[in-house]
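1. Turn this into a structure:
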Amino acid sequence: MNYTNTRYLLQKRPAGMPENDCWTIDSEEITHLKNKEILIEADYLSIDPYMRGKMNDSISYTPPLKIGEVMVGESVGRVIESKSKNYVVGDLVTVHKGWQTYIRTKDSDPSILKVPESKFNSSIFLGTLGMPGRTAYFGLNYVGKPQPGETLVVSAASGAVGSVVGQLGKHMGCKVIGIAGGPEKSKFVSEELKFDQCIDYKNENVFEKISEYCPDGIDVYFENVGGEITKMISKFLNKGARVPICGFISKYNSANIAGEETPFHVLATLNPKPRHRFFVVTEWLNKFEEATSVLHDYMNRGEIKTRETITQGFENAPQALRDVLSGRNFGKQLIKIK
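-> The predicted structure follows:
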């Protein structure tokens, strides 16, 4: 066997938007496997907002990347070589081993997940049936805990996480209001995803629209954005409201993110304070298969819809990350590696 693995290594920490010189492209030859190792050929690479935080020299919920380490990320692909009893050639898997074209890893690696064969393209296991979908499922069900008849507001509603949150909320009997950027995204959220309403924050007055669409206040706010949106939403939160904090992308490119006002600062000033906390999907690692199965069933029945932006070429991963951070992509951002 002889494979050339191309990978992106972190070369320097960005100040603001990450430019191309933040990475260096490296290659390594893979000529053999050790016992209990497998080799995966990556087909798609997921591009996600959290990646920006990992490039900073500060600890958040996980340690930062070190200079010289492979850029963080998840891929889907097939096993092409195996010295493991647990995996055979042809198995479709997701694996969280970063920006690489080939992944050699031990079969005990906890980030490997076999995924079921499906009528959908394998990229779906990095989106609605992958980490973003599971993030939506667990954050809404276990932190947001919406009840039928309640009002749910979702920021970044056309994104990979927010789009699933809102659709799940509708299936749970909630009134769902989305917030998205631009008329195309807003139309998609309201007409395709069937949210009750969607506010275009770039062209509409968010405060006025929330007043109109949420006359009885907000019971659950699924936080993806932070910044001014959070400040406006906070004025409408009902007593007993819940706020799952998935992220706050509006601050990710700050040169001094530690000094930025976060949703925690905003919500802490309220009286009464809503129940709110930051969460990560790995809190429910033992329930991943459950979430994937439920979401797969919804998709098979056509009851959850999705949107992907697939960029061709591994060399375009840095630009794809910038597109995600600036809101230029639509739905789930992926790189088709070859």
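2. CA only for contacts and neighbour counts going forward, please
-> Fine.
3. Could you point out the longest strand of this structure?
-> Assignment by DSSP state E gives strand 37-47 as the longest strand of the chain.
4. So what touches that strand?
-> 33, 73-84, 87, 99-107, 123, 126-127, 317, 320-321, 324, 333-338 (CA atoms under 8 Å, 6 or more residues apart in numbering).
5. repeat that with 6 Å
-> Counting by CA atoms under 6 Å, 6 or more residues apart in numbering, the neighbours of strand 37-47 from elsewhere in the structure are 74-84, 101-107, 321, 333-337.
6. quick one: which of those residues sit in strands?
-> 75-82, 102-106, 333-336.
7. Separate out the buried members of these.
-> The neighbour-count criterion (16 or more other CA atoms under 10 Å) marks 75-82, 102-106, 333-336 among the ones in strands among the contacts of strand 37-47 as buried.
8. and the residue nearest to residue 2 when sequence neighbours are not counted, how many residues sit next to it?
-> Of all residues beyond its chain neighbours, the one nearest residue 2 is residue 31 (4.6 Å), with distances taken as CA to CA, 6 or more residues apart in numbering. For residue 31, the count of nearby residues is 9 (other CA atoms under 10 Å).
9. if I read this right, residue 31 contacts residue 81, doesn't it?
-> No - between residue 31 and residue 81 no contact is recorded; they are 10.9 Å apart, counting by CA atoms under 6 Å.
10. Tell me how the chain divides into domains.
-> Under the assignment named as automatic domain parsing, the residue ranges that make up the domains of the chain are 3-124+307-336, 131-282.
11. Tell me which of these is the most buried.
-> Neighbour counts averaged per stretch over the domains of the chain are highest for domain 131-282, at a mean of 20; criterion: mean count of other CA atoms under 10 Å.
12. How far off centre is that domain?
-> Between the centre of domain 131-282 and the centre of its chain there are 14 Å (CA atoms, centre = their mean, to the nearest Å).
13. next one: stretch 128-146
-> On the basis of CA atoms, centre = their mean, stretch 128-146 is displaced by 10 Å from the centre of the chain it belongs to.
14. go on, stretch 81-94?
-> In terms of CA atoms, centre = their mean, the gap separating the centre of stretch 81-94 from the centre of its chain is 26 Å.
15. for it, how far is the first residue from the last?
-> 15 Å (CA to CA, to the nearest Å).
16. Need the contact partners of it.
-> Contacts to stretch 81-94, defined as CA under 6 Å, 6+ apart, come from residues 35-39, 75-80, 112-115.
17. ok, residue 309 touching residue 335?
-> No - no contact is recorded between residue 309 and residue 335 when judged using CA under 6 Å, the distance being 8.5 Å.
18. now for the host helix or strand of residue 137, which elements pack on it?
-> With secondary structure defined by DSSP states H and E, residue 137 is part of helix 131-138. Applying 3 or more CA pairs under 6 Å, 6 or more residues apart in numbering; DSSP states H and E, one finds that helix 131-138 contacts no other helix or strand.
19. Identify the residues contacting that helix?
-> Residues from elsewhere that reach helix 131-138 (CA under 6 Å, 6+ apart): 160-161, 165, 281, 291.
20. Quick one: name whatever helix or strand follows it.
-> Elements were assigned by DSSP H and E; along the chain past helix 131-138, the next helix or strand is strand 151-154.
21. which helices and strands sit right next to that following strand?
-> strand 175-180, strand 218-222.
22. Just send those strands back as a markdown table, with distance to residue 132 and mean pLDDT too.
-> Conversion of the helices and strands packed on strand 151-154 to a markdown table gives the following (distance: least, CA to CA, whole Å; pLDDT from 0 to 100):
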| stretch | distance to residue 132 | mean pLDDT |
| --- | --- | --- |
| strand 175-180 | 17 | 98 |
| strand 218-222 | 13 | 98 |
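23. Would you mind giving those strands as a markdown table with distance to residue 190 added?
-> Written out in a markdown table, the entries for those read as follows (distance: least, CA to CA, whole Å):
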| stretch | distance to residue 190 |
| --- | --- |
| strand 175-180 | 8 |
| strand 218-222 | 17 |
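24. Among the ones you listed, single out whichever gets nearest to residue 54.
-> Closest of the helices and strands packed on strand 151-154 to residue 54 is strand 218-222, at 22.2 Å (criterion: CA to CA).
25. Check the gap between residue 125 and residue 187 for me.
-> With the distance defined as CA to CA, residue 125 ends up 25 Å from residue 187.
26. Phi, psi for the residue nearest to residue 30 when sequence neighbours are not counted please.
-> Of all residues beyond its chain neighbours, the one nearest residue 30 is residue 3 (5.1 Å), with distances taken as CA to CA, 6+ apart. Geometry field for residue 3 lists phi and psi as phi -130, psi 140, criterion degrees, to the nearest 10.
27. Thanks a lot, catch you later.
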